[in-house]
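> based on what follows, work out the 3D shape:
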Amino acid sequence: MNVYEERKIREKAEEDARTGSDSQRPIRGYKAQMIYDDEYEESQRKMQYVEDDPFYNPDGSNGKIVLIGVGILAAILIAVLVAAAIITVQESLVIYAVKFQYCVYVAAALTTLLMYFKGKGANKSLNILFYIGIGAVATRFFAVIVESREGVSYIKYVQAGGFWNLGKYTLLYIGYIAVIVGVMMLITFLIRKKKSS
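Okay, the predicted model is just below:
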């Protein structure tokens with residue numbers, strides 16, 4: 001028996017399984033009968049699975065819908081986790097900036113001096129250190145903003161406040177830091193222009 005004959009037997013078995021009869025079952029040939037019987041049983045098993053599966057769709061579009069739904073759910077979950085992480089990190093950054101404020105001031109002064117005199121605004125590594133140092137000072141002063149608005153120290157506010165209060169100030173913090181970074185980039189640009197001319 002060649003491959004073509006075997007494929008024809010399998011097609012007939014699938015067709016018979018769909019109609020529920022065995023009219024095309026080969027009468028002779030043990031091997032042909034075995035191929036037919038195996039394919040017939042497999043086709044019936046597939047059809048039984050399809051009848052039991054409420055989400056089965058022969059054109060396969062349900063799989064796409066499920067994948068889109070899982071993708072949307074994953075995107076929402078990731079966004080919530082990132083927001084929670086940012087809120088937690090912002091709280092920790094500000095608390096450490098308050099706790100180690102003298103170190104923050106010294107580091108900001110050193111990185112500013114290094115960037116101005118050594119790097120002249122053109123050394124990217126020293127510029128990044130400058131951004132980090134000034135960002136730390138800006139973070140320290142963010143606590144002053146919160147304290148002036150809320151009337152209590154930042155640490156007490158964090159301990160007494162809830163997740164949503166931190167979320168509100170996290171949005172303010174993100175905007176605040178974005179403005180500070182923009183100003184610092186402008187400063188390094190101006191220093192680079194001044195030192196190059």
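
> show me the contacts for the residue nearest the centre of the chain.
Central residue of the chain (CA atoms, centre = their mean): I78, 4.9 Å from the mean position. Counting by CB atoms under 8 Å, 6 or more residues apart in numbering, I78 makes contact with nothing. Where C-beta positions appear, they are placed from N, C-alpha and C, glycine not excepted.

> any idea how far A84 is from it?
From I78 across to A84, the span is 11 Å (CB to CB, to the nearest Å).

> give me the mean pLDDT for the helix or strand where the residue nearest to the centre of the chain lies.
Using DSSP states H and E, I78 maps to helix 61-99. Across helix 61-99, the average pLDDT comes to 80.

> and that helix, which residues are buried?
Burial within helix 61-99, assessed by neighbour count using 16 or more other CB atoms under 10 Å, is assigned to I86, I87, Q90, E91, L93, V94, A97, V98.

> how far off centre is the lowest-mean-pLDDT helix or strand in the chain?
Ranked by mean pLDDT, DSSP states H and E, the weakest helix or strand in the chain is helix 30-52, scoring a mean of 74. Remark: helix 30-52 is offset 44 Å from the chain centroid, using CA atoms, centre = their mean, to the nearest Å.

> how about it as CSV, C-alpha atoms only?
The C-alpha coordinates for helix 30-52 follow below in CSV (Å, rounded to 0.1, in the frame of the first residue of the first chain):
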residue,chain,number,x,y,z
TYR,A,30,-6.1,-6.1,7.3
LYS,A,31,-3.7,-3.2,7.1
ALA,A,32,-6.2,-1.0,5.3
GLN,A,33,-8.9,-1.9,7.9
MET,A,34,-6.5,-1.0,10.7
ILE,A,35,-5.7,2.4,9.2
TYR,A,36,-9.4,3.1,8.6
ASP,A,37,-10.3,2.0,12.2
ASP,A,38,-7.6,4.1,13.8
GLU,A,39,-8.5,7.2,11.8
TYR,A,40,-12.2,6.7,12.4
GLU,A,41,-11.7,6.4,16.2
GLU,A,42,-9.4,9.4,16.2
SER,A,43,-11.9,11.5,14.2
GLN,A,44,-14.7,10.5,16.6
ARG,A,45,-12.5,11.5,19.6
LYS,A,46,-11.8,14.9,18.1
MET,A,47,-15.5,15.4,17.3
GLN,A,48,-16.4,14.4,20.9
TYR,A,49,-13.9,16.9,22.2
VAL,A,50,-15.3,19.6,20.0
GLU,A,51,-18.9,18.9,21.2
ASP,A,52,-17.8,19.1,24.8
